[in-house]
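[1] dropping a prediction and its sequence here:
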Amino acid sequence: MVSSSPFLAPYSISLPFTSYSTPPVPLPAFVLLSLVAIPILAILSAVVFLLGGSLKRIIFLHVIPLDEYRNIPRPRYTGSLWSFPIFGHLSQIRKAPPAEAHLAYAEETGSWVYCYRTMFYHPRLWIGDVKGLLYILSQQQAYDYPKPGDSRKFLDELLGKGILSAEGDIHRRQRRVVAPAFSVSSVRSFTPSFFKHSLHLVRVIEELIDRTEGPAEKSFLGGQSDYASKVSRKGEPVFDVGFWLGKCTLDIIGENGFGYDFKSLESKDSGDGDDLGSTLNALFSSTSGLKVTDILRIFLQTRPGMGWIRKLPSKRADNRRNMYLAMERAAQKIISAKREEIKKEMAALGEKGLSKSAFDEDIDGGKAKDLLHLTMRANMASDLRANEKLDDDELLGQMTSFMLAGHETTSTQTQWALYCLSTHPEVVSKMRAEIESVFGDQEEISYDEVQNMQYLDCVTKEMHRCYAPVTSTARMCLKDDVIPLGKSYALRDGSGTFDSVRVFKNQDLIIPLQVVNFSEPVWGPTAREFDPSRWLPENLPASARDSGLPMHILTFLSGPRSCVGQRFAIVEFKVLLACLVRNFDFERVEGWNIEPKQEIVLRGVVTGQEKVGMQMPLRVKKARART
Ligand code: HEM
């Protein structure tokens, strides 16, 4: 049975949506016309200006050799010549499955570093060389390679002042306060909640299976398209497993992130739980399916002197802003209630309770609550200097950051794992044998037992290696620099080879997480194959062990900007996967091709069913009779 924890109750609130009604005032036609024409003219002149820049870059690269990267390997372009000056290689890269275009470029250029072209022929350096990447991401260098201005603006608008968009000293300060909340002891204390929600998901899926009498013309289950209902069979429905996993991970991050019960799995067939859950999901969904005009707008508004573009009317931006404001009001209530709760706790502990050491002792004693509670307590410690503390806007930013970073990522990782296991019955059998031997007749086990399951650990690492939810991330250079490389590359003019690459202030870099996970220098010739047994200590290649990559992969990045929630994510994923594999078989529908697409995270789309949007439809059957 799913029981709700009593400490969740005080935060069950409704969003204070307000509606104002004002009498309509008719506007003269010329005002209406200028409202439309001025922004269009402004954008057109900006585009003409940028095309001029594009032309200059083309001339500097191909006619007068002045381009800084003219001698660096560059991939060929085989698409339409008309779109190349505007979108560069991006149209080719976005058309191919994530990572594939770059793997092909690396092969074509024979180099783990090359320069390709993005919007308006801007150069972007691609670095797949592990030594080079570890240099950029290192403690010493990471703050000289922040996220590019357009990514930061986008994250700022979406999440407020949280750790995901913070840079430099602000990030250092935020990370110091936030990181202790993700300690081993807190994740250990979250493990029963991971089980609670995973088992809730198991019950919900069982019910969906029981409700399926056979094929139907129209969808009859939540997260099911009409295509899926038509191919469902009695006791074997086809539905989007991502829809249900998303609900489950939302409930998990709600409870463990900030002590909030979204009741997302409870709202069975539609919606995302209560108002706050729906608003957050709508806010984050607004980031997917960006149109070219949206990308252009984000790109333009970060160019020097073009900040005014942010103020132009945009339905998507207005909706996002309204959702953010609604969420902000709800989040403020959570923060205020928590502050009162923590003050009481601290007062009860007396003098000892006000210091950081008392806080650390408390976490070690396994009394952890949720991430926000822990962050706020760390923030209220008496020995934290005033200039090190987070203000309310920053606390709110952490909430949205935990939500965005911690919800879709694990849900996506789990969907791809089920997709992959559907064609690897031998792996499923081994997993079940281990699960049965460890779980016995129990529904859930402890954190230590989960962490000691060797085969589950191998499968988890291999899933993280083969299906990184964040396939790449971007950085920019704050100053000119020389990045050392592990493998040299030949200069294009044939004048020699180099084992370092010069980068220039304000230029962009791309860090290809998935490509590095598939790197042959690290994993050898079987790098592209799915094989959990490669992680057994006796099989792990020395090249992976000596790579210097954290856990030998780049899925969670590395260094001070690596995923702070990595431990949380790994244990959550293991628990979810063990519960689902134990109870269900997942199969692909014959003839349906699920293509991976890079949104903020890796999503799936079925060829020919694009109008359904992102989905991961699988046929689900009960795997064992429940006692
Ligand atoms: C499979 C699951 C996950 C994956 C693959 C993943 C991956 C990543 C990656 C690649 C980054 C760096 C992004 C960049 O700088 O461009 C990141 C950052 C972050 N992640 Fe995760 N993540 C996962 C789950 C989680 C969870 C469950 C949480 C929280 C509960 C979380 C919280 C964060 C935060 C707060 C950051 C920003 C860290 C900083 O900039 O200091 N992540 N994650």
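    Thanks, I have it.
[2] and A474, that's in a helix?
    No. Using DSSP: H, G, I helix; E, B strand; the rest coil, the secondary structure at A474 is strand, not a helix.
[3] from Q140, how far out is E108?
    Here the criterion is CB to CB, to the nearest Å. By it, E108 lies 33 Å from Q140. (Each C-beta comes from the backbone N, C-alpha and C, glycine too.)
[4] more crowded one of these two?
    Taking other CB atoms under 10 Å, E108 and Q140 do not tie; E108 has more neighbours (13 against 9).
[5] which helix or strand contains that one?
    helix 100-109 (DSSP states H and E).
[6] that helix - what's its average pLDDT?
    Mean per-residue pLDDT for helix 100-109: 93.
[7] from the chain's centre, how far out does it sit?
    24 Å (CA atoms, centre = their mean, to the nearest Å).
[8] and T118, how far from P85?
    For T118, the distance to P85 - CB to CB - is 11 Å.
[9] which residues do these two both contact?
    Shared contacts of T118 and P85 (CB atoms under 8 Å, 6 or more residues apart in numbering): none.
[10] next up, identify which helix or strand P469 is on.
    With DSSP H and E as the test, P469 turns up in no helix or strand.
[11] for the chain, what lies in contact range of the ligand?
    Taking CB under 6 Å from any ligand atom, the part of the chain that reaches the ligand is made up of 163-164, 175, 253, 401-402, 405-406, 409-410, 413, 469-470, 473, 555-557, 561, 563-565, 568-569, 573.
[12] mark which of these are buried, thanks.
    The neighbour-count test (16 or more other CB atoms under 10 Å) marks 163-164, 253, 401-402, 405-406, 409-410, 413, 469-470, 473, 555-557, 561, 563-565, 568-569, 573 as buried among the residues of the chain next to the ligand.
[13] in the stretch 301-450 of the chain, what residue is nearest the ligand?
    G406 (2.9 Å; CB to the nearest ligand atom).
[14] which non-adjacent residue is nearest that residue?
    I253 (4.7 Å; CB to CB, 6 or more residues apart in numbering).
[15] where does the prediction get shaky in this protein?
    Scanning the chain for pLDDT under 70 picks out 1-27, 268-278, 281-316, 320, 350-368, 624-627.
[16] would you map the strands across it?
    113-117, 123-127, 238-240, 473-476, 481-490, 497-503, 508-511, 584-587, 594-598, 602-606, 617-622 (DSSP state E).
[17] distance between the first one and the chain's centre?
    Which is strand 113-117. 24 Å.
[18] same question for the fifth one.
    With CA atoms, centre = their mean as the basis, strand 481-490 stands 29 Å off its chain's centre.
[19] for N452, give me its contacts.
    With CB under 8 Å, 6+ apart, N452 has these contacts: V438.
[20] make that L602, sorry
    Residues in contact with L602 (CB under 8 Å, 6+ apart) are P98, T412, W416, Y467, A468, P469, V470, T471, P596.
[21] next, count neighbours for the third one.
    It refers to W416. For W416, using other CB under 10 Å, the count is 22.
[22] please renumber the chain so that the first residue is 342 from this point on.
    Got it, first residue is 342 now, which makes that one W757.
[23] skip the chain neighbours and tell me the closest residue to it.
    Y808 (3.8 Å).
[24] what do you get for the last one?
    Nearest-residue entry for P937: P438, 5.1 Å, with adjacent residues in sequence omitted and distances by CB to CB, 6+ apart.
[25] the one you found is in contact with I935, isn't it?
    No. Using CB atoms under 8 Å, P438 is not in contact with I935; the gap is 10.7 Å.
[26] the more surrounded of those two?
    Set P438 next to I935 and count neighbours by other CB under 10 Å: I935 wins out with 20 against 14.
[27] hey, what's that one bridged with?
    V947 (DSSP bridges).
[28] now do the contacts for it.
    Y760, R929, G945, V946, V947, M957, P958.
[29] list the buried ones in stretch 754-765?
    Residues of stretch 754-765 classed as buried: Q754, T755, Q756, W757, A758, L759, Y760, C761, L762, S763 (neighbour count, 16+ other CB under 10 Å).
[30] what about the closest residue to the fifth one other than its chain neighbours, how many neighbours?
    Distance criterion CB to CB, 6+ apart; nearest residue to A758, sequence neighbours excluded, is M804 at 4.5 Å. M804: 22 surrounding residues under other CB under 10 Å.
[31] pretty sure M804 sits against Q754.
    Yes. Counting by CB under 8 Å, M804 touches Q754, with 6.5 Å between them.
[32] any shared contact partners between the two?
    By CB under 8 Å, 6+ apart, the residues touching both M804 and Q754 are F914.
[33] could I get the contacting residues of E861?
    By CB under 8 Å, 6+ apart, the neighbours of E861 are A868.
[34] no no, L918
    Contacts of L918 (CB under 8 Å, 6+ apart): T755, A758, M772, L797, V800, T801, M804.
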